[in-house]
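Peer 1: Fold the stuff below for me.
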Amino acid sequence: MSSMKEVMLRLVKEGVEEHCADLEGRRRSYAAAFTALLKPGGGGRFSWACVSEFSTLPEVQQLKEAMLETILEGRAQRSERALRSSGATIDIQRTSKSYEWAENGFCRALWLLCSAAKPPETILQPDVTPGQCWAFQGSQGQVVVRLPAPVQPTAVTVQHIYKAASPSGTVSSAPRDVTVSGVDEEGEEETLLGAFTYDVEAEAIQSFPLKHKSSRAFQYIKLSVQSNWGNPEYTCIYRVQVHGQVASRSSSPAAEETTSPSLNKK
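Peer 2: The predicted structure follows:
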């Protein structure tokens, strides 16, 4: 009985070792195939049979499915939700007044170079050529964006231009300290979602994860600029993007009001 047990254990051990050796061999073939593919000029020659064979392994299939799920989730969360062409708009009543360029001394001196004031909707469009920005007076202001649908926001992206591309030769009008909040339609409730600093010495496009995560979805997002980089007359914003997952109807505030029973109902 004991000898039979030993034989079974030996067979199992040999089977495991053989399977592991087979997996290692396939892994090496898979790595060699892609190494050849990545050589300069793509001149490496290899057989795709090993790749196809390796990709059918259950372990690889599970890994591929997990990677695909992660990629799709990331794309959903990073999708642009504040795009004018998709239906995003500006709540003018709760947005700072646009800066009047006619009052600017630089524009009075070089009036041919200055165009009319751009509306706040400018920040919802992908055109970020120099001068295509929305400006408000002073170093503090706000803009409220109405998204096409309620979203559970995860990050915000702010874009300015590089100093070398600036018509004035400076980026002192870029926003500096910024807060982001979710607000309701009437403006009575406000939920702080995050605060960050836009760095003019870094990349022109900067994304900021919202650290104050909320399970609630918002259709109105308020971007409040607390300071800029030194321009006393105006602050310019080129583009604002809101990222996050579009909420289901049951998780939106409007749906909650619709589905919740009324306390006064008899």
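
Peer 1: rest of the way, CA atoms for contacts and neighbours
Peer 2: Will do.

Peer 1: so residue 24, which of the three states?
Peer 2: Taking DSSP: H, G, I helix; E, B strand; the rest coil as the rule, one finds residue 24 in the helix state.

Peer 1: Near it, how many other residues are there?
Peer 2: Residue 24 has 12 neighbours, counted by other CA atoms under 10 Å.

Peer 1: Could you pick out the longest strand of the chain?
Peer 2: Counting residues, the longest strand found in the chain (DSSP state E) is strand 141-159.

Peer 1: Now do the next helix or strand after that one: which elements does it pack against?
Peer 2: Using DSSP states H and E, the helix or strand that directly follows strand 141-159 along the chain is strand 177-183. If you count contacts as 3 or more CA pairs under 8 Å, 6 or more residues apart in numbering; DSSP states H and E, strand 177-183 packs onto strand 190-197, strand 218-225.

Peer 1: which stretches of this protein form strands?
Peer 2: Counting by DSSP E, the strands of the chain are 89-90, 134-137, 141-159, 177-183, 190-197, 205-209, 218-225, 234-237, 239-246.

Peer 1: Dump those into TSV; add mean neighbour count, mean pLDDT and distance to residue 166 as well.
Peer 2: Shown next, in TSV, are the strands of the chain (neighbours: other CA atoms under 10 Å; pLDDT from 0 to 100; distance: least, CA to CA, whole Å):
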stretch	mean neighbour count	mean pLDDT	distance to residue 166
strand 89-90	20	96	26
strand 134-137	23	96	14
strand 141-159	22	95	13
strand 177-183	21	97	20
strand 190-197	17	96	20
strand 205-209	17	94	15
strand 218-225	24	97	20
strand 234-237	25	96	12
strand 239-246	23	93	15
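
Peer 1: got a markdown table for those, with distance to residue 169 too?
Peer 2: As requested, those are exported to a markdown table (distance: least, CA to CA, whole Å):
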| stretch | distance to residue 169 |
| --- | --- |
| strand 89-90 | 29 |
| strand 134-137 | 17 |
| strand 141-159 | 17 |
| strand 177-183 | 22 |
| strand 190-197 | 22 |
| strand 205-209 | 19 |
| strand 218-225 | 22 |
| strand 234-237 | 14 |
| strand 239-246 | 19 |
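
Peer 1: ok, back up a step: against which helices or strands is the longest strand of the chain packed?
Peer 2: Strand 141-159 packs on helix 58-78, strand 89-90, strand 205-209, strand 218-225, strand 239-246, going by 3+ CA pairs under 8 Å, 6+ apart.

Peer 1: Now do the contacts for residue 136.
Peer 2: Taking CA atoms under 8 Å, 6 or more residues apart in numbering, we find residue 136 in contact with 96-99, 234-236.

Peer 1: Looking at the residues you listed, which is nearest residue 18?
Peer 2: residue 236 (65.8 Å; CA to CA).

Peer 1: So that closest one versus residue 120, what's the distance?
Peer 2: Distance from residue 236 to residue 120, counting by CA to CA, to the nearest Å: 10 Å.

Peer 1: Mutual contacts of these two, please.
Peer 2: Contacts common to residue 236 and residue 120, judged by CA under 8 Å, 6+ apart, are 134-135.

Peer 1: follow-up on the earlier one: among the strands of the chain, which comes closest to residue 168?
Peer 2: The nearest among the strands of the chain, by CA to CA, is strand 234-237 at 12.5 Å.

Peer 1: Tell me the strands beside that closest one, with direction?
Peer 2: strand 134-137 (antiparallel) (DSSP bridges).
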